[in-house]
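Novice: When you get a sec, could you give me coordinates for this:
(one chain, ligands or ions: 2)
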Amino acid sequence: MGPKVVVAAAVVGAEVTRAQSPYVPYTPEEIARAAVDAWRAGAAVVHLHARWPDGRPSQDPRHFREIVDRIRAAGSDVVLQCSTGGAIGMSLEERLGSLVDGAEMGTLNLGTMNFGDGVFLNPRPDVVAVAARLRARALVPECEVYDAGMLDTLRWLLERGHLAPPYHVQLVLGVPGGMGATRRNLEFLVGGLPEGVHWSVAGVGRAQLPMAEAALALGGHVRVGLEDNLYAAKGVLARGSDELVRLAVNLAAAAGREPATPAEARALLGIAAGNALVSSISTA
Ligand code: KMH
Ligand code: ZN
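Specialist: Ligands and ions are numbered 1, 2, ... in the order given. Predicted structure coming up:
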């Protein structure tokens, strides 16, 4: 058996809509249920966004608190990672609203880029500010890397002391405006990572499962879920992120890798157990 694989589920992003798939969760209750289903299917980490009931993206702390509380109330010990990326056009302070008590990780987006037809703004001072907020809240950063130059920003953050281990790297490949989801790009990025860092791949659209397969072969971790991909197979909508997690777990088995439990993922990613299982209600 190879090293354990941390399977992360991104159960809803800021962009996908119910017009595209009826399985996209919107309300905190739906998002929490999707997260718990993904955990039951083998995900050790859930990457969380929130929505208003009409589907607009939300970074409102009340939504994140309800999601966190509902996941814990369902008895799940899944690692909770909150998005600070939010949606294009949100202010930095709005984006940081997601970092509620009970969160264990937060994303750190490493640069500005075209994101579809919009621009995802992450000027370097904002990246430093998000890193500082994550550190102040004792959250483990997940560095979102969409393009090769962002690895240079990662090194700059480390050299200047804005970022220090433990942190995790997510290579998000296939965003229109970022690096394409190809094996060659993946191998190039992995070759440029700091020594010993844990990394994962999130392939966008139809590249999701092929990128997961490539990451498994290269010793990385994987992210799947409806945020990045709505389909289980060509023309067949996934009925939820849990279905995509099961497909990833099957790929892992074929690659001789077993999914890590949330406790094992915490140990691998350097997440203090003390941060886990603290609900926002119990600390309010
Ligand atoms: N919605 C994207 C613009 C993150 O979660 O940190 C940014 C995003 C990244 O989803
Ligand atoms: Zn996200």
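Novice: What is the neighbour count of the closest residue to ligand 2 within the stretch 1-150 of the chain?
Specialist: Nearest residue of the stretch 1-150 of the chain to ligand 2: residue 83, at 4.2 Å (C-beta to the ion). For glycine as for every other residue, the C-beta is placed from the backbone atoms N, C-alpha and C. Neighbours of residue 83 under the rule other C-beta atoms under 10 Å: 26.
Novice: residues contacting the residue lying closest to residue 13 once chain neighbours are set aside?
Specialist: Closest residue in space to residue 13, ignoring its immediate chain neighbours: residue 227 at 3.2 Å, by C-beta to C-beta, 6 or more residues apart in numbering. By C-beta atoms under 8 Å, 6 or more residues apart in numbering, the residues touching residue 227 are 10-13, 15-16, 47, 49.
Novice: Let's have those in CSV, adding neighbour count, distance to ligand 1 and secondary structure.
Specialist: Below are the contacts of residue 227 laid out as CSV (neighbours: other C-beta atoms under 10 Å; distance: C-beta to the nearest ligand atom, whole Å; DSSP: H, G, I helix; E, B strand; the rest coil):
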residue, neighbour count, distance to ligand 1, secondary structure
10, 29, 8, strand
11, 31, 12, coil
12, 28, 10, coil
13, 20, 5, coil
15, 17, 6, coil
16, 22, 10, coil
47, 30, 7, strand
49, 27, 6, coil
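Novice: returning to what we had before: so how far is residue 173 from the residue nearest to residue 13?
Specialist: Distance of residue 227 to residue 173, given as C-beta to C-beta, to the nearest Å: 14 Å.
Novice: ok, now residue 235?
Specialist: Distance from residue 235 to residue 173, by C-beta to C-beta: 22 Å.
Novice: How about residue 114, nearest residue that isn't a chain neighbour?
Specialist: residue 177 (3.0 Å).
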